[in-house]
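Chemist: quick one, structure for this:
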Amino acid sequence: MSRVARLRPDELDAAQTHLYEAITTGPRAQGPQHFRLTGDDAELLGPFNALLLAPELGTALQELGAAIRYRTSLTPRIRELAILVVAIHWDSAFERHAHESVGRSVGLTGDELATLRTSDPAENAAVALCRALVAGDVDDAQWSAAREHLDEATIFELTTLVGYYATLALQLRVFRAE
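Modeler: Residues are numbered from 1 along each chain as shown. So this is what the prediction gives:
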């Protein structure tokens with residue numbers, strides 16, 4: 001059970017309403033919906049409700065998340081593989097459910113989702129790098145292996161993605177978001 005009450009739109013102050021609208025009308029709400037952003041009473045689901053607790057910080061996190069999902073050079077498959085590495089590491093049911101659905105929509109197969117291995121060397125390099133990142137560091141051998149298939153900008157984007165989704169996974173766990 002969630003430790004934080006889900007806030008309905010009619011309970012929000014001006015800053016919370018601004019953040020709520022950014023989430024529910026922004027890029028996450030555009031196009032196909034692979035997971036629900038809101039519940040039956042229009043309250044935010046998953047990690048998004050907790051962002052309303054501190055709207056200034058929540059807005060910054062929401063904007064970072066939107067940038068990671070929609071404004072990087074990562075291919076959709078690499079992005080979803082990386083998110084799933086974090087979700088699995090943190091045992092984050094919401095993120096795993098949400099991003100397995102998104103992963104399927106960008107062409108990840110059931111076997112790839114089960115093993116997080118593909119036939120693409122860059123995708124495999126991204127998965128290996130993300131596994132090292134969630135473990136806490138990238139040693140010289142891992143860096144060299146990643147650089148064979150990924151440029152420095154991609155590694156920066158993946159590092160940022162892992163940090164962002166680790167933050168969400170921690171918040172989901174602490175707040176017991178369903």
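
Chemist: quick check: H97 vs F35, distance?
Modeler: Separation of H97 from F35 (CB to CB, to the nearest Å) stands at 7 Å. No exception for glycine: its C-beta is placed from N, CA and C like everyone else's.

Chemist: just A141 next, same as before
Modeler: 36 Å.

Chemist: ok, L53 - contacts?
Modeler: V4 (CB atoms under 8 Å, 6 or more residues apart in numbering).

Chemist: wait, N124 touches L116, no?
Modeler: No. Here N124 does not reach L116: they are 9.0 Å apart, not a contact under CB atoms under 8 Å.

Chemist: who has more neighbours, those two?
Modeler: Per other CB atoms under 10 Å, whichever of N124 and L116 has more neighbours is L116, with 20 against 17.

Chemist: just the element for the nearest residue to the more buried one once chain neighbours are set aside, please.
Modeler: Counting by CB to CB, 6 or more residues apart in numbering, L116 lies nearest to V127, which is 5.2 Å off, once chain neighbours are set aside. Using DSSP states H and E, V127 maps to helix 121-135.

Chemist: and that helix, which residues are buried?
Modeler: 122-134 (16 or more other CB atoms under 10 Å).

Chemist: quick one: mean pLDDT for the longest helix along the chain?
Modeler: For the chain, the longest helix by residue count, based on DSSP state H, is helix 152-175. Per-residue pLDDT over helix 152-175 has a mean of 95.

Chemist: just want the angle from that helix to helix 121-135.
Modeler: Using axes from the mean of the first three to the mean of the last three CA atoms, to 10 degrees, the direction of helix 152-175 lies 50 degrees away from that of helix 121-135.

Chemist: show residues contacting helix 152-175.
Modeler: Contacts for helix 152-175 (CB under 8 Å, 6+ apart): 2-4, 46-47, 49-50, 61, 64-65, 68, 72-74, 78-79, 82-83, 85-87, 89-92, 94-95, 126, 129-130, 133-134, 146-147, 150, 177.

Chemist: now those residues: which count as buried?
Modeler: 46-47, 49-50, 61, 65, 68, 72, 74, 78-79, 82-83, 85-87, 89-90, 92, 94-95, 126, 129-130, 133-134, 146, 150, 177.

Chemist: and the next helix or strand past the helix or strand containing R69?
Modeler: For R69, the element it lies in under DSSP H and E is helix 55-70. Sequence order places helix 76-89 as the next helix or strand after helix 55-70, per DSSP H and E.

Chemist: flag every buried residue along whichever helix or strand comes after that next one.
Modeler: Using DSSP H and E, the helix or strand that follows helix 76-89 in sequence is helix 93-105. Within helix 93-105, the residues that qualify as buried by neighbour count (16+ other CB under 10 Å) are 94-96, 98-100, 102-103.

Chemist: would TSV of the residues you listed with pLDDT be doable?
Modeler: What follows is the buried residues of helix 93-105, written out as TSV (pLDDT from 0 to 100):
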residue	pLDDT
F94	89
E95	92
R96	93
A98	91
H99	94
E100	96
V102	94
G103	96
